[in-house]
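Peer 1: sequence below, structure please.
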Amino acid sequence: MPVPTFHELMLPLLNHASQRVGETYIGGLEQEIAEALSHTDEDTSRLLPSGKQTVYSNRLNWAKSYLSKAGLVQSTRRGYFVVTQRGLDLLAERP
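Peer 2: Next up is the predicted model:
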């Protein structure tokens, strides 16, 4: 199965983060979301051409970045974020 685009990871990321209390570490959600979406280790371990980051991790971070720009999450420090009230309201609408 191909690695999902960052667009496809936005809702699962928001959903999983909303189930946590306090701030969430983006790296801590990587495996959880991969399992929820039935992605294999092979899918999630492919590296970018730079060889320093996986494609999956890169796309998950881009998803968080765009969620932040939309006001659905707020970065608290590097790699950590919280879901905003706007994000919770969106999830309550069951998009």
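
Peer 1: so which residue is dead centre in this structure?
Peer 2: Centre of the chain computed as the mean C-alpha position; nearest residue by Cα atoms, centre = their mean is residue 13, 3.6 Å away.

Peer 1: so that residue sits right up against residue 67, yeah?
Peer 2: Yes: using Cβ atoms under 8 Å, residue 13 is in contact with residue 67, at 6.7 Å. For every residue, glycine as well, the C-beta is placed using N, CA and C.

Peer 1: burial check on residue 54, number of neighbours?
Peer 2: Look at residue 54: counted by other Cβ atoms under 10 Å, it has 16 neighbours.

Peer 1: from residue 34, how far off is it?
Peer 2: In this structure, residue 54 and residue 34 are 10 Å apart, going by Cβ to Cβ, to the nearest Å.

Peer 1: same deal with residue 76?
Peer 2: Noted for residue 76: a distance of 23 Å to residue 34, by Cβ to Cβ.

Peer 1: ok, back up a step: overlap in contacts, residue 54 and residue 34.
Peer 2: Listed contacts common to residue 54 and residue 34 are residue 44; contacts here mean Cβ atoms under 8 Å, 6 or more residues apart in numbering.

Peer 1: more crowded one of residue 76 and residue 34?
Peer 2: It is residue 34, of residue 76 and residue 34, that has more neighbours when counted by other Cβ under 10 Å, with 21 against 12.

Peer 1: tell me which residues touch the residue nearest to the centre of the chain, please.
Peer 2: By Cβ under 8 Å, 6+ apart, residue 13 lies in contact with 29, 33, 60, 63-64, 67.

Peer 1: again with residue 12
Peer 2: Listed by Cβ under 8 Å, 6+ apart, the contact partners of residue 12 are 33, 36-37.

Peer 1: 10 Å instead, please
Peer 2: With contact set as Cβ atoms under 10 Å, 6 or more residues apart in numbering, residue 12 has these partners: 4, 29, 32-34, 36-37, 60, 63.
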